[in-house]
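Student: here is a sequence with its predicted model. Questions after.
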Amino acid sequence: MSSNFNFNFVPWFRSVAPYIHKFRHQTFVIGLTGEGIAAGKLHGIAQDLALIQAMGVRIVLVHGFRPQVNEQLAAKGHVARYAHGIRITDSVALDCAQEAAGQLRYEIEAAFSQGLPNTPMAGATVRVISGNFLTARPVGIVDGVDFQHSGLVRKVDVAGIQRTLDMGALVLLSPFGFSPTGEAFNLSMEEVATSVAIELRADKLIFLTEVPGIRMQPDQPGGEDNPIDTELSLAAAQALLARLPGALQPADAGFYLQHCVTACKAGVERSHILPFAVDGSLLLEVYVHDGIGTMVIDEKLEALREASIDDVGGILQLIEPFERDGTLVKRDRTEIERDIATYTVIEHDGVIFGCAALYPYPEARTAEMAALTVSPQSQGTGDGQKLLKRVEQRARSLGLDSIFVLTTRTRHWFLKRGFQSVDPDWLPDARKRKYNWDRRSQVLVKKL
Ligand SMILES: CC(C)(COP(=O)(O)OP(=O)(O)OC[C@H]1O[C@@H](n2cnc3c(N)ncnc32)[C@H](O)[C@@H]1OP(=O)(O)O)[C@@H](O)C(=O)NCCC(=O)NCCS
C-alpha cells in the first residue's frame with residue numbers, strides 16, 4: 001500500500017478526537033421536525049445518530065409530525081388550525097396525530113434497524129425504546145381560544161429516561177403525553193424537546209429544522225441573505241427575539257430560537273439550530289470546530305463585549321507583560337485610545353481578562369486581528385477562543401472574507417483554529433509597508 005494512501009485521514013481523524021472524548025457520556029436531546037422526515041432525511045440522520053451514539057453519547061430523539069398530521073387532516077377534508085403557534089387539536093386532529101405518530105415511530109425504528117454490509121449502519125446496534133415518559137396537561141383556553149386536546153408538558157419521567165439511557169438504548173419520544181386520567185394530549189415537538197433537555201440537564205439540545213440557522217442581523221433590510229451566526233450568547237439571542245415579531249410562527253428561525261433561549265435560561269448550556277437539508281449537519285455541528293448552524297450559549301458568567309474608552313487602562317495592564325517579553329508589539333496609551341472602537345474585551349467583575357483588536361483593510365476584504373491576549377490566570381479556559389469567535393463575527397458583519405494575524409510565538413494556537421500560513425507578500429499593501437522584517441513574524445490567514 002502506498003505510504004500516502006488516504007494521507008488526509010489520520011490528521012483528520014485525530015482532529016476529531018478531542019470532541020469524541022469531550023462528548024462521551026454526555027446527553028444530547030435531538031428535536032427532529034416532521035418536515036425533515038417528510039423531506040426524506042430520516043435515513044441519513046439515523047446513520048449519523050447511530051455513529052454519535054457509538055461514540056458514547058446518550059441520545060433522546062423527539063420527532064415532530066406537523067406536516068404528517070396536516071396531510072392526514074387534508075385526506076379527511078379538514079384544515080389544520082393554529083393559534084399562538086400551537087395546533088388547535090379537536091378530536092379529528094387528535095386521531096390524525098395518533099395515526100401519524102404511530103406511523104412515524106415505525107419508520108424511525110425501521111431506519112435504526114438497517115444494517116446492510118458496506119453501509120454506515122453495518123454493525124450498528126441501536127436499541128430504540130419509546131414509552132410513556134411524559135405527563136401532559138391541557139393548554140386550556142387562551143385568549144378565548146379553546147385548544148381542546150393540545151397539551152403542554154407537565155412532568156418528565158427523568159429517572160425512567162435515565163435508566164433507559166443507562167441500558168445503552170436510544171430514547172424515542174413522540175409529541176404525546178397523557179394526563180393522570182389517561183387522556184391523550186397532542187404536544188409540540190419543540191416544547192417536548194426543550195422540557196426534556198431541561199429536566200435531564202442535557203449537555204446539548206439540537207433542533208434539526210427547515211431553517212439553516214439564525215442569520216446575522218436578520219431584522220436589517222436584506223438580512224434574510226446574511227451569513228449564519230454560528231454562535232449567539234444568551235443575551236444576544238434574547239435581544240434578537242425581542243426584535244423578531246414573527247417568532248411565534250413554526251418554520252420561522254425565531255420559533256426555534258425562543259426554545260433555545262428557554263433551555264439556556266434553565267441551565268442547558270448549549271442549544272443548536274441546524275438545517276436537516278445539509279447531509280451530515282449533525283456531524284458537522286458537533287465534531288467540527290466552527291459548526292454549520294447556530295449555537296446559543298450561556299455566557300452569563302462573564303461579559304464578552306466591545307470595548308469603551310473606560311477599558312483603556314485595563315487593556316494596557318493586561319498586554320503590558322506580553323509587550324515586555326516581546327510576545328506582543330508595543331502599543332502606547334494614545335494608540336489604544338485612538339483605536340478603542342476596534343477592541344473586544346472579556347470582563348469579569350469589572351476586571352479586563354482578555355482583549356483583541358480588529359483592523360480592517362476593506363480594499364483587500366480582510367482585517368488584522370491584533371493584540372489577542374488573555375490574562376495568565378484565565379488562560380486555557382477558552383477565553384482566547386471566545387475572543388477569536390467574536391472578532392470573526394465582527395469581521396463577517398463588515399462583509400470581509402478573511403482575517404489575518406502576525407505572530408512570532410503563537411502560530412500553533414492559530415493553526416489549530418483554522419488559520420493557514422501564508423507568505424508576508426500576501427498582506428494588503430498598506431499593511432506590508434508597516435511589516436517589520438526584523439521581527440520576522442509569521443502571517444496566518446483564516447477564511448471566514
Ligand atoms: C494565545 C492566547 C490568547 C490563548 O488564550 P487562551 O484563553 O489560553 O486560549 P484557549 O483557552 O481558547 O485555548 C487554550 C489552548 O491553547 C493552547 N495554547 C496557549 N498558548 C499557546 C501557544 N502560544 N501556542 C500554541 N498553543 C497555545 C493551550 O495549551 C490550550 O491548549 P488545550 O486546549 O489543548 O489545553 C493566550 O495564550 C495569550 O494571551 N498568549 C499571550 C499573548 C499572545 O501570544 N497573543 C497572540 C499574539 S499574535
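Tutor: Cool, the structure landed.
Student: how distant is stretch 425-443 from the center of its chain?
Tutor: Its chain's C-alpha centre and that of stretch 425-443 lie 36 Å apart, by Cα atoms, centre = their mean, to the nearest Å.
Student: so is it next to the ligand?
Tutor: No: Stretch 425-443 is not in contact with the ligand by Cβ under 6 Å from any ligand atom; minimum separation 8.1 Å. Yep, even glycine has a C-beta here, placed from its N, CA and C like the rest.
Student: list the buried residues of that stretch.
Tutor: Residues 426-428, 431, 441-443 are the ones in stretch 425-443 that count as buried (16 or more other Cβ atoms under 10 Å).
Student: looking at those residues, which is nearest residue 305?
Tutor: residue 431 (26.6 Å; Cβ to Cβ).
Student: contacts only, for that closest one.
Tutor: With contact set as Cβ atoms under 8 Å, 6 or more residues apart in numbering, residue 431 has these partners: 361, 368.
Student: shouldn't residue 162 be within a helix?
Tutor: Yes: counting by DSSP: H, G, I helix; E, B strand; the rest coil, residue 162 falls inside a helix.
Student: rewinding a little: quick one: which of the buried residues of stretch 425-443 sit in helices?
Tutor: residue 431 (DSSP state H).
Student: for whichever residue of the stretch 51-200 of the chain sits closest to the ligand, which residues are in contact?
Tutor: Nearest residue of the stretch 51-200 of the chain to the ligand: residue 55, at 19.5 Å (Cβ to the nearest ligand atom). Residue 55 makes contact with 20, 23-24 under the criterion Cβ under 8 Å, 6+ apart.
Student: got TSV for the residues you listed, with pLDDT and neighbour count too?
Tutor: Shown next, in TSV, are the contacts of residue 55 (pLDDT from 0 to 100; neighbours: other Cβ atoms under 10 Å):
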residue	pLDDT	neighbour count
20	91	15
23	92	19
24	93	11
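Student: of these, closest to the ligand?
Tutor: For these, the nearest to the ligand is residue 20 (14.6 Å; Cβ to the nearest ligand atom).
Student: excluding chain neighbours, what is closest to that closest one?
Tutor: Excluding its sequence neighbours, the residue lying closest to residue 20 (Cβ to Cβ, 6 or more residues apart in numbering) is residue 55, at 5.1 Å.
Student: cool, residue 138 as well?
Tutor: residue 151 (5.5 Å).
Student: does residue 331 sit in a helix, a strand or a coil?
Tutor: coil.
Student: to clarify, my last question referred to residue 79.
Tutor: coil.
Student: pLDDT at it, what is it?
Tutor: We have a pLDDT of 91 for residue 79.
Student: could you pull out the strands for the stretch 101-250 of the chain?
Tutor: Taking DSSP state E, counting those that start in this stretch as the test, the strands found in the stretch 101-250 of the chain are 128-130, 134-138, 141-142, 145-146, 151-156, 170-173, 176-178, 184-186, 204-209, 231-233.
Student: show residues contacting the fourth one.
Tutor: Looking back up the chat, that one is strand 145-146. 83-84, 88, 140.
Student: from those residues, which land in strands?
Tutor: residue 83 (DSSP state E).
Student: out of the strands of the stretch 101-250 of the chain, which is closest to residue 120?
Tutor: Per Cβ to Cβ, nearest to residue 120 of those: strand 170-173, 15.7 Å.
Student: give me the number of residues near the closest residue to residue 215 other than its chain neighbours?
Tutor: Closest residue in space to residue 215, ignoring its immediate chain neighbours: residue 226 at 4.3 Å, by Cβ to Cβ, 6+ apart. Residue 226: 16 surrounding residues under other Cβ atoms under 10 Å.
Student: how about residue 338?
Tutor: 10.
Student: can you check the pLDDT for it?
Tutor: 96.
Student: what bits of this protein have low per-residue confidence?
Tutor: 1-7, 245-251, 289-290, 299-302, 349-350 (pLDDT under 70).
Student: which residues of it lie near the ligand?
Tutor: Neighbours of the ligand within the chain, by Cβ under 6 Å from any ligand atom: 322, 327-328, 372-374, 379-385, 405, 407, 409-410, 412-413.
Student: can you list the buried residues in stretch 103-123?
Tutor: 104-105, 108-109, 111-112, 114, 121.
Student: tally up the residues packed near the residue of the stretch 1-150 of the chain found nearest the ligand, please.
Tutor: With Cβ to the nearest ligand atom, the shortest gap between the stretch 1-150 of the chain and the ligand falls at residue 18, namely 7.4 Å. Residue 18 is flanked by 12 other residues according to other Cβ under 10 Å.
Student: swap in residue 10?
Tutor: Around residue 10 there are 9 residues (other Cβ under 10 Å).
Student: separation between it and residue 110?
Tutor: 36 Å (Cβ to Cβ, to the nearest Å).
Student: how about residue 397, what does it touch?
Tutor: Contacts of residue 397 by Cβ under 8 Å, 6+ apart are 216-217.
Student: quick one on the thing from earlier: enumerate every residue touching the residue of the stretch 1-150 of the chain closest to the ligand.
Tutor: Residues near residue 18 by Cβ under 8 Å, 6+ apart: none.
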